[in-house]
Structures are given as structure tokens and as C-alpha cells.
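*Asks:* got a predicted structure here, sequence first:
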Amino acid sequence: MKNRRVSGESVRVVIAALLVTSLGGCAKTVVQSKYERQVTGPTVQRPSRVFVYDFTITQAEVSENQGIVAGARNAPKGTTENERETQIAREVQTRMADELVAGIRELGLPAERATRGTPIPADAVAVTGEFLNVDEGNRLRRAVIGFGAGQSTVETQVQVYTPSGGSLTKLLEFSTHADSGSMPGAAVTGGAGAAASGGVTAGAAAANLGIGAVKGYRSQVDEMTGRSADQAVAYLSQFFAKQGWIPPEKVKQAKMAQ
């Protein structure tokens, strides 16, 4: 059997593949319960529709990638920082609403996206909320240093309401937190020499593949918003089952904050 020499490029490809494999395990997405209405009488009637409203978000709560490389990449587009952050805000709003609608429909409830101001029928419930933080972090710091440096973060607060006596009654409130994880960077896993000779490139390629391989996410925060929506649906499924709106076999397990 012949001995085969492994090239440096092959080693970098293997390392990149391992990084992709471990990426999901290092990134965190959790739910924290804040409020659940304790129903003492009959449970709330099963809704005929679930209205999902766009989550509120302000430009002050959005931070785009602060890396030097990202700045150079964005500059030729002729857009201002405010315009790019507004675009990020719209993308995460759309991602959250669309993923929630799809997830709630999979649970067996008829969900639809509703614009703000749309009145809620008496036999419907509303799922709404806000983005508390949308931060793309610093991709270069994540790739070189790791361990949470330059970490991307998406945090949301989710509420469920039902019409009651001409006003709205809050049934449920919880928050979600998603981040890019605390993986070691190229400077740690391969040393300064590896970073200079291509380790950073391999790590960045792994990270980019990790955020775009499944659903065609446009950015790291877009991917984390998708993960947040998945966890929100899981937590909603537990509440829906308690109310008798969905069968127990539809319940998903949410990852709760420690």
C-alpha cells in the first residue's frame, strides 16, 4: 500500500469541514419564559386563525458587520450605513414573520402574516413581538480570535394576544437569544502562521458555508433569526398544546435558557 502525502491545502479543507460540522453545536439559540397567563376557567377557544405581525425594530437596535473587510466590501455599493442597517432590519423582519407562519402551520393551526393595524377577529389570536438586538458583530474578529470575540447576536421578545372585551389580553410572553457561538479562531487553532498562510480563509469559508447551506440565508443575522423563529415555534407548540389547540404529538422541544 502506497504512502500518500497530504498537502497543506487538503489539511485546510479538512479543518474547514470540521469547523462546519461543529458550527451548529457552538452557536446558541435559547428561549426564556417571561409570562404565561394562568387560565383558571376553561381554556381559550381554539383560534380559527393565527395572525403573525411583523416584529417592531428600530435602526438603533441594528448593527451591521463592523469588520474592516466588510466595510471595504460594502463601500462600492454606494449605500450609507443607515441604508444598509435598514435593509438588515427588513430582512430579519421578513424572515421572522415568514418562518413563524410556516412553523405554526406545520403545527396544524391556520397562520397568516398580517400588517400592523390589521384588526384581530374575535376568534383569532395574534403573535407579535420586537427585536431587542440585531448585531452582525465583526466577522474578522470571529475568524481570527474566536471565543466569542466579534460575536453576532439576535434577541427577540415574543407575545401572544387574544381579543377580549374590546381590548387585547396577553396570553404568553417569552424571549429568544441566538448568537454565533464561541469557537476558537484561526489564531488559536492554527497559530499566527496558519492565519497568515490561509487558516483565516478556511475558517471564513466554513462559517459562510455554515450560514448559507440550508435555506439560502443572506447573512449571519438572517440565519440566526431563522433559528430564533424555530425555537419560538417550539415554545409556542408547548403553549398551544396546553390550551388544547394542537395534539400532543405536534409538540416540539424548545431549548430553554439555563
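*Replies:* Cool, got the structure.
*Asks:* buried set for the strand or helix carrying Q159?
*Replies:* Using DSSP states H and E, Q159 maps to strand 153-164. Using 16 or more other CB atoms under 10 Å as the test for burial, strand 153-164 gives T153, V154, E155, T156, Q157, V158, Q159, V160, Y161, T162, P163. Heads up, the C-betas are built off the backbone N, CA and C, glycines and all.
*Asks:* tell me the SS of L109?
*Replies:* coil (DSSP: H, G, I helix; E, B strand; the rest coil).
*Asks:* want to try JSON lines for the buried residues of strand 153-164, with distance to G226 as columns?
*Replies:* Below are the buried residues of strand 153-164 laid out as JSON lines (distance: CB to CB, whole Å):
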{"residue": "T153", "distance to G226": "14"}
{"residue": "V154", "distance to G226": "9"}
{"residue": "E155", "distance to G226": "14"}
{"residue": "T156", "distance to G226": "12"}
{"residue": "Q157", "distance to G226": "17"}
{"residue": "V158", "distance to G226": "15"}
{"residue": "Q159", "distance to G226": "20"}
{"residue": "V160", "distance to G226": "20"}
{"residue": "Y161", "distance to G226": "24"}
{"residue": "T162", "distance to G226": "27"}
{"residue": "P163", "distance to G226": "30"}
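*Asks:* output the residues you listed as TSV; include the columns pLDDT and distance to P119.
*Replies:* Formatted as TSV, those follow (pLDDT from 0 to 100; distance: CB to CB, whole Å):
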residue	pLDDT	distance to P119
T153	86	34
V154	90	30
E155	92	29
T156	94	24
Q157	93	23
V158	95	21
Q159	94	17
V160	95	17
Y161	94	12
T162	92	13
P163	90	9
